[in-house]
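**Student:** structure for this input, please:
(one chain, ligands or ions: 1)
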Amino acid sequence: MIRKVAVLGSTGSIGTQALEIIHACPELELHSLLCNRNLDLLLKQKEQYAPLVTAIASPRGECPDGVITGPEILQKVIDGADTVLNAIVGSAGLRASLICRDRGITLALANKESLVVGGELLRDHISAGGIIPVDSEHSTIFRCLHREPRPVRSIVLTASGGSARDIPVEKLQTAGVDDILNHPTWDMGARITVDSATMVNKAFEVIEARWLFGGIQVDVVVHPQSIVHSFVRLEDGSWKALLGKPDMKVPVQYALQYPGRELELISDDGPLDWGTLEFSELDGRRYPAFDIVMRAGQDGKTFPAAANAADEVAVAAFLAGKISFGDIAVVIEEVLTGHEALEISDHETVMEADRESRIDAERIVRRLC
Ligand code: MG
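**Tutor:** Numbering: from 1, shown residues only. Model (predicted):
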């Protein structure tokens, strides 16, 4: 059976790796491509992989022949697909996830914000088995829980510590963009690399894991080598883990082929460089934004949506050189303090919280500049 795949966010780090995988796996077929604004790369991908539909969300000028844009593009790229890889960056990815929910289409989810800001809206799709996680930690947990009949005590997500882990705490506040973008183990997009340095990414992953794995306790441990990709702790005293090189192709391929038995070798299967595997507690002084976002996760409602919007604005301002690294946590905390949270009943509630929080965050950024 050929599986037709829509790749949303095709020009990003996950998207480009997914295209290689789809190309290498005969049972996967590329159905459509969607990117935000990188038209040059999109046209190269269209030429190389010949999808049925090619779309761009934010073109700078006229769209060339064969490339569509406009308010209906999400429906057009998703229609006719068997699996949607959602690798859109940020809360903008939620709408695509909701379309998959409405149509009962399998969602290979790399857009963790869908669950962070709108987990409530995706609850039924998760219970129906409609979401296969692509985030490396969640893919690991998903694999460890697959056909595991024993009760689970907790999940432990590993965190590399990001690029901030080796910078002395007193210098962190003023760390430069280059220092922060230089991630020690994972090669990823700019936003998630900054989010790894603040550990906001890990707090988002805790929220994501709670939605995906139904209220199991979630803990975090720092593991600088990024070889153990998370743990499941069972009630019988045993622990399960998945080990491997830090390579996103493994979880992307697993999600796209799930529950298939096919195996085309795409990732590097060379020997692991063991060195020493280290594990330590997360140092709260180094990562103040982690606790702030964790609290937003515990408070629920639209608090995580506000935290995410504040973080998106703050990270963009940091990358643009407007605020310092330490200010990212300040922006998130202030936005959350002023946020009037609502219960989430629909997409509009989430987007309204998102819009308001962005305005608040931009005001705070202007003050800090
Ligand atoms: Mg991850």
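**Student:** C-alpha from now on. contacts and neighbour counts both.
**Tutor:** Will do.
**Student:** spatially nearest residue to Q217 (excluding sequence neighbours)?
**Tutor:** Leaving aside its sequence neighbours, Q217 sits nearest to S154 (C-alpha to C-alpha, 6 or more residues apart in numbering; 4.8 Å).
**Student:** ok, now L319?
**Tutor:** V177 (6.1 Å).
**Student:** from the ion, how far off is that neighbour?
**Tutor:** 21 Å (C-alpha to the ion, to the nearest Å).
**Student:** cool, A190 as well?
**Tutor:** Taking C-alpha to the ion, one finds A190 at 14 Å from the ion.
**Student:** same question for S196.
**Tutor:** Distance from S196 to the ion, by C-alpha to the ion: 9 Å.
**Student:** gap between the two ends of stretch 227-246?
**Tutor:** 6 Å (C-alpha to C-alpha, to the nearest Å).
**Student:** and that stretch with the ion, contact?
**Tutor:** No. For stretch 227-246, no contact with the ion is found by C-alpha under 5 Å from the ion; the gap never falls below 8.7 Å.
**Student:** give me the contact list for that stretch.
**Tutor:** For stretch 227-246, contacts defined as C-alpha atoms under 8 Å, 6 or more residues apart in numbering pick out 136-138, 140-141, 144-145, 150-158, 185-186, 226, 272, 277.
**Student:** which ones among those also lie next to the ion?
**Tutor:** Answer for these near the ion (C-alpha under 5 Å from the ion): S136.
**Student:** in the stretch 151-300 of the chain, which residue sits nearest the ion?
**Tutor:** When scored by C-alpha to the ion, the stretch 151-300 of the chain has E205 as its residue closest to the ion, at 6.8 Å.
**Student:** I'd say that residue and E113 touch.
**Tutor:** No. Judged on C-alpha atoms under 8 Å, E205 makes no contact with E113 at a distance of 9.2 Å.
**Student:** who has more neighbours, these two?
**Tutor:** Neighbour count, other C-alpha atoms under 10 Å: between E205 and E113, E113 has more, with 26 against 23.
**Student:** surely that one touches R95?
**Tutor:** No. Look at E113 against R95 with C-alpha under 8 Å: they stay out of range, at 10.8 Å.
**Student:** strands of the stretch 101-250 of the chain, start to end?
**Tutor:** 106-109, 131-133, 152-159, 217-222, 228-234, 239-243 (DSSP state E, counting those that start in this stretch).
**Student:** helices or strands next to the third one in the packing?
**Tutor:** Same thing as strand 152-159. Applying 3 or more C-alpha pairs under 8 Å, 6 or more residues apart in numbering; DSSP states H and E, we find strand 152-159 packed against helix 136-145, strand 217-222, strand 228-234.
**Student:** near the ion, which residues of this structure show up?
**Tutor:** D135, S136.
**Student:** please repeat the previous calculation with a cut-off of 6 Å.
**Tutor:** D135, S136, E137 (C-alpha under 6 Å from the ion).
**Student:** neighbours of the last one, just the number please.
**Tutor:** The burial metric for E137, expressed as a neighbour count using other C-alpha under 10 Å, is 26.
**Student:** next: the second one.
**Tutor:** Around S136 sit 22 other residues, with neighbours defined as other C-alpha under 10 Å.
**Student:** hmm, back to that, wait, what's in contact with the residue of the stretch 151-300 of the chain closest to the ion?
**Tutor:** K112.
**Student:** kindly report the same for L107.
**Tutor:** T83, V84, L85, N86, S97, C100, G130, I131, I132.
**Student:** how about the host helix or strand of the fifth one as PDB, C-alpha atoms only?
**Tutor:** Element membership for S97, per DSSP states H and E: helix 94-103. What follows is helix 94-103, C-alpha atoms only, in PDB (Å, rounded to 0.1, in the frame of the first residue of the first chain):
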ATOM      1  CA  LEU A  94      -2.400  24.300  15.100                       C
ATOM      2  CA  ARG A  95      -4.800  24.900  12.200                       C
ATOM      3  CA  ALA A  96      -3.300  22.200  10.100                       C
ATOM      4  CA  SER A  97      -3.500  19.700  13.000                       C
ATOM      5  CA  LEU A  98      -7.200  20.600  13.500                       C
ATOM      6  CA  ILE A  99      -8.000  19.900   9.800                       C
ATOM      7  CA  CYS A 100      -6.300  16.500  10.200                       C
ATOM      8  CA  ARG A 101      -8.500  15.900  13.300                       C
ATOM      9  CA  ASP A 102     -11.700  16.900  11.500                       C
ATOM     10  CA  ARG A 103     -10.900  14.600   8.500                       C
END
